[in-house]
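Enquirer: Please find the sequence and the predicted model below.
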Amino acid sequence: MTDQYAVFGNPINHSKSPAIHRQFAEQTGQDLHYAKQLVATDEFVKAAHEFFKQGGKGLNITVPFKIEAFNFAQQLTPRALRAGAVNTLAIQADGIILGDNTDGIGMVHDMHNLGWELEGKRILILGAGGAVRGILQPVLAEHPAQVIIANRTFAKAEELAAHFQDLGDVQAKSFEQLDGEQFDIIINGTSASLSGDLPPLPENLLNTNAACYDLMYGAEPTVFMQWAQQQGAAKIADGLGMLIGQAAEAFYLWRQIRPEVVPVIMALRRQLNEKK
Ligand code: NDP
């Protein structure tokens, strides 16, 4: 029987995961089927149990179930444990369900594909929600000089900085406290872009040759990307490559084969542009 995979979320209609995994499977000659499944908000555990009982091999998990998936997993990778959230579940040969979080490593791999180095860099991360929690461990593993987390609700930035401080120099600041600071890389992990908003950022935050990355992606540059352009950023990218990067890491966990991400990023970018 063909191995079964799926993405669980609510809403789920917009999900690009089936298209991404179909392309990975074609590219690597893997026989698998990948579906998207709308799960009622109070039925995640039931649906996940059912999926694995029916012989399903692996799941991707998206909003709003990443914390429930963390609790559902019987074993966790170190990065999932740190993130406190799971976006990938895999049934192992011994029947134990492993939970992983591939979002952060997906972003770091995308930055490497773009030719961005994080080692020795001063990095500013905007936001302190679930996505930022997921990227901090993989970012700190690259040995940046320092990571500053700035968030509208300062207490959340402080909590995250404390949670990750054993992994490197990571500190919390409010947006006002950024005045006079300069960074090599700024990552926008707020959901402000979704509503066309921008966190209140001071001028002159960027060092020469600075890079700006928005976790959000779309057909048009986000407000953060437009700001980066105005501020003279040398390199600017959105989160489409992160989306495909996290999928590639999940695929690797399931199939032990690393797919090529670049052709898939190009295909999805073409599709986004055609819909403009
Ligand atoms: P959360 O809801 O967990 O966190 C949202 C964060 O944004 C909080 O820090 C919140 O601040 C901040 N925020 C929201 N609105 C504003 C605003 N108007 N001004 C300043 N700060 C604001 O969301 P997630 O962490 O799950 O997602 C964040 C973004 O990352 C989304 O755009 C999402 O689409 C994207 N993402 C992309 C992925 C990819 O693969 N490319 C993967 C995962 C996420 P406060 O704490 O004060 O409320």
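Expert: That came through, no problem. As the structure is a computational prediction, the values presented were derived from the model and not from experiment. Numbering: from 1, shown residues only.
Enquirer: Would you mind listing the outside residues contacting stretch 9-23?
Expert: With contacts defined as CB atoms under 8 Å, 6 or more residues apart in numbering, stretch 9-23 is touched by 5, 7, 32, 34-41, 60-65, 243-244, 247, 251, 259, 263-264, 267-268. From N, CA and C alone the C-beta is placed, and that goes for glycine too.
Enquirer: With stretch 74-87 instead?
Expert: 60-62, 66-67, 69-70, 72-73, 92, 96-105, 130, 133-134, 136-138, 163-164, 246, 250.
Enquirer: could you point out which element follows the host helix or strand of residue 4?
Expert: Assigned by DSSP states H and E, residue 4 falls within strand 3-9. Note on strand 3-9: by DSSP H and E, the next helix or strand toward the C-terminus is helix 17-28.
Enquirer: angle of that following helix against strand 3-9?
Expert: For helix 17-28 against strand 3-9, the angle by axes from the mean of the first three to the mean of the last three CA atoms, to 10 degrees is 150 degrees.
Enquirer: returning to that earlier point: can you list which of the contacts of stretch 74-87 are found in strands?
Expert: 60, 61, 97, 98, 99, 100 (DSSP state E).
Enquirer: got a markdown table for the residues you listed, with distance to the ligand and neighbour count too?
Expert: Formatted as a markdown table, those follow (distance: CB to the nearest ligand atom, whole Å; neighbours: other CB atoms under 10 Å):
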| residue | distance to the ligand | neighbour count |
| --- | --- | --- |
| 60 | 11 | 27 |
| 61 | 11 | 28 |
| 97 | 22 | 19 |
| 98 | 20 | 18 |
| 99 | 16 | 25 |
| 100 | 14 | 26 |
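Enquirer: okay, residue 76: pLDDT?
Expert: Model confidence at residue 76, given as pLDDT, is 98.
Enquirer: meant to ask about residue 273, not that
Expert: With respect to pLDDT, residue 273 has a value of 89.
Enquirer: and what of residue 1?
Expert: Reading off the model, residue 1 has pLDDT 86.
Enquirer: just checking, it touches residue 54?
Expert: No: the criterion here is CB atoms under 8 Å, and residue 1 misses it with residue 54 at 10.4 Å.
Enquirer: where do the strands sit along the chain?
Expert: Taking DSSP E to define them, one finds strands in the chain at 3-9, 32-38, 58-61, 75-76, 88-91, 97-100, 122-126, 146-150, 170-173, 183-188, 206-214, 235-237.
Enquirer: What is the second one packed up against?
Expert: If contacts are counted by 3 or more CB pairs under 8 Å, 6 or more residues apart in numbering; DSSP states H and E, strand 32-38 sits against strand 3-9, helix 17-28.
Enquirer: Parallel or antiparallel, list what pairs with that strand.
Expert: Here strand 32-38 has these sheet partners by DSSP bridges: strand 3-9 (parallel).
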